[in-house]
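K.L.:
fold the following for me, if possible:
(one chain, ligands or ions: 2)
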Amino acid sequence: MNPTTFVLFGATGDLAKRKIYPALYHLYIHGKLPEAFSVIGLGRKEMTDETFKAHVKQSLYDFYRLNVKEDDSLQSFLGLFGFNILHIDDTDHFVRLKDRVEAWEQGIGGTSNRLFYLSVAPNFFGTIASQIENSGLGSVTGWKRLVIEKPFGHDVASARELNDQLSQAFAEEEIYRIDHYLGKSMVQRLEALKQANPVIQALWTNRFIANVQITADETVGVEERAGYYDKAGALRDMFQNHMMQLLMMLTIHAPHNMASAENVQLKKKQVLEALDPLQKQDVLTNIVRGQYTAGSIQGKPVPAYTAEPGISEGSMNDTFIAAKLHIDNYYWRGVPFYIRTGKRLASKSTRIVIEFKEPLTTATQAEQATVPNLLVIEIGPKEGITLQLNAKDPDHPTGFKPVYIDMYPDRKEAQEAYETLIHDALNGDSTFFVHWDEVDLSWQWVQPILEAFAANEVPLHPYAAGSHGPEAAHELLAADGFHWWFDEEDEAGKAASEPLVEQVTAS
Ligand SMILES: NC(=O)C1=CN([C@@H]2O[C@H](COP(=O)(O)OP(=O)(O)OC[C@H]3O[C@@H](n4cnc5c(N)ncnc54)[C@H](OP(=O)(O)O)[C@@H]3O)[C@@H](O)[C@H]2O)C=CC1
Ligand SMILES: O=C1O[C@H](COP(=O)(O)O)[C@@H](O)[C@H](O)[C@H]1O
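P.N.:
Numbering: from 1, shown residues only. Ligands and ions are numbered 1, 2, ... in the order given. You can find the predicted model right below:
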């Protein structure tokens, strides 16, 4: 990789210390950063290069997922870092920044790429992009790239406005929009799961699939982000981005050449274009919004959302959303997709469950007690893929019992998404970044829900913290003759079953 300067706006902030420095450190000690590499951190706080290095070092001790090695590599890693004070509105600060970047580039022969990482509030994106352009920072001898964090707008109009601002300084192929769910390894393996297994590939259609459930349940509440979350809610915070991305990654029928970012992004866009648009009246029947009341999480009492510090009095914000969607294309027509995400739920679990159609008649089923075949893809916090099948029960000659093929029986902790995504951005691989078309189309789909929520046309269902969410979310599936498959049920089923099939361990 050619020499590269990593210009980090928001270097004194939360995301930088929790995710970006640990990820850079991981890449460094694994030899995955360019040989000539420097990080210039930016913020308003009065920091020197030395205090900044100490800040970075502390963040590694606090947040790196593995042990920090106390050796020369740590010192040489910290040697990559420098700090400039920068106020986003101050043009002189950008000129000073440019001088510093150029001085470093001169020292290594004059050529360098520049990666601008905006770890700041999105309302600064437009100003930063034009300051980069006007100061000449954007004139590079190598490539320039812009990495930005979510949220990308708060509705269709604001997202478009933001994109117009960025487009004045950066071309679409230079913009890397992070959705950290795309950096999760199980999400990245979804396509391989289909392509490497003709059995699964063949079943991946409405002929065999009864319904699909995509879940991102969390046990945490709003934590220290009340100001942001009380305006965003689950719909903007998780649904419009992470959940829609999971839906796309699951349902694309991508060409064999996964290496092409353009192909993947095109297929994802086609999924969004095929989504049945929501009419205003559909919001009431297809969308459930909820808000947690007081309850307990892992035995500890927790307050109601409205009693959390920083939440506005009588807030009607959604901390839970469940939705039913349909993709109107050849493969998925008629298959309901149920999506749910929320805070303060019974367990932390991001998973996809594909429920296959029942082959037997209802009478035979009742008599023989089969369960539906399920493909369960656990994305986090632990990773796994399990296929639930029916086997003849030797103890009950007329009956069946569920058995499981477990592809990742060791249930490893998921890898850190930021390590993968920062590495990809440095390498110019945008496969697992979000194209503008996806942002625009997903906001378009969500817009009627935003409007219905704002006008309070949809009930706000309470649910107790620590529960499985509001009753209405269960009714959403019950109306179609289904129910949510939660983690505990699978576990209970597994405990009761004996392994029938040899376990397959994938690396
Ligand atoms: N934290 C998280 O877990 C996640 C964050 N994000 C996104 O990442 C971005 C950053 O979030 P986070 O780190 O939590 O935010 P913080 O509030 O912790 O940090 C904001 C950063 O912006 C800098 N800043 C604020 N105002 C100015 C200004 N006028 N001029 C220059 N710098 C300024 C601050 O520096 P200083 O105070 O020194 O001025 C600070 O470094 C946001 O877009 C957020 O939505 C996305 C996913 C998760
Ligand atoms: O982007 C966000 O994601 C986290 C959940 O991420 P996960 O990797 O732990 O599943 C969520 O808590 C946060 O509110 C949201 O902004």
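
K.L.:
run a quick neighbour tally on residue 158.
P.N.:
Residues lying near residue 158 (other C-beta atoms under 10 Å) number 15. Where you see a C-beta, it was placed from the backbone N, CA and C, and this is true even at glycine.

K.L.:
what helix or strand is it located in?
P.N.:
helix 156-167 (DSSP states H and E).

K.L.:
against which helices or strands is that helix packed?
P.N.:
helix 125-135, helix 436-454 (3 or more C-beta pairs under 8 Å, 6 or more residues apart in numbering; DSSP states H and E).

K.L.:
quick one: residues contacting the residue in the stretch 151-300 of the chain that ligand 2 sits nearest to.
P.N.:
At 4.8 Å from ligand 2, residue 237 is the closest residue in the stretch 151-300 of the chain, using C-beta to the nearest ligand atom. Residue 237 makes contacts with 151, 229, as judged by C-beta atoms under 8 Å, 6 or more residues apart in numbering.

K.L.:
ok, the nearest residue to residue 46 once chain neighbours are set aside - contacts?
P.N.:
In space, and not counting its chain neighbours, residue 46 is closest to residue 85: 6.7 Å by C-beta to C-beta, 6 or more residues apart in numbering. Neighbour list for residue 85: 42, 43, 44, 45, 46, 47, 93 [criterion: C-beta under 8 Å, 6+ apart].

K.L.:
quick revisit: my read is the residue of the stretch 151-300 of the chain closest to ligand 2 is in a helix, agree?
P.N.:
Yes. Residue 237 forms part of a helix when assessed by DSSP: H, G, I helix; E, B strand; the rest coil.

K.L.:
of the helices and strands packed on helix 156-167, which is nearest residue 223?
P.N.:
helix 436-454 (22.1 Å; C-beta to C-beta).

K.L.:
which ones are touching the residue nearest to the spatial centre of the chain?
P.N.:
The residue lying closest to the centre of the chain (C-alpha atoms, centre = their mean) is residue 181, at 2.2 Å. Neighbouring residues of residue 181 by C-beta under 8 Å, 6+ apart: 187, 241, 242, 245, 246, 350, 379, 417.

K.L.:
residue 215 is in contact with the third one, correct?
P.N.:
No. Under the contact definition of C-beta atoms under 8 Å, residue 242 does not touch residue 215, with a separation of 11.4 Å.

K.L.:
so which strand or helix has the residue in the stretch 201-350 of the chain that ligand 1 sits nearest to?
P.N.:
Nearest residue of the stretch 201-350 of the chain to ligand 1 (C-beta to the nearest ligand atom) works out as residue 228 at 6.7 Å. Element membership for residue 228 (DSSP H and E) is helix 226-234.

K.L.:
just checking, what packs against the next helix or strand after that helix?
P.N.:
Later in the chain than helix 226-234, the nearest helix or strand by DSSP H and E is helix 244-251. Packing partners of helix 244-251 (3+ C-beta pairs under 8 Å, 6+ apart): helix 185-188, helix 190-195, strand 209-217, helix 261-274, strand 337-342, helix 436-454.

K.L.:
wasn't residue 379 part of a strand?
P.N.:
Yes. The assignment for residue 379 is a strand, going by three-state DSSP.

K.L.:
let me see the contact set for it.
P.N.:
With C-beta under 8 Å, 6+ apart, residue 379 has these contacts: 181, 184, 186, 187, 246, 350, 351, 352, 414.

K.L.:
also residue 98?
P.N.:
Residue 98 neighbours (C-beta under 8 Å, 6+ apart): 135, 136, 137.

K.L.:
equivalent analysis for residue 443, please.
P.N.:
Contacts for residue 443 (C-beta under 8 Å, 6+ apart) come out as 153, 155, 156, 159, 240.

K.L.:
also residue 422?
P.N.:
20, 23, 24, 27, 147 are the contacts of residue 422 under C-beta under 8 Å, 6+ apart.

K.L.:
mean confidence for whatever helix or strand the last one lives in?
P.N.:
Following DSSP H and E, one finds residue 147 within strand 144-148. The predicted model assigns strand 144-148 a mean pLDDT of 98.
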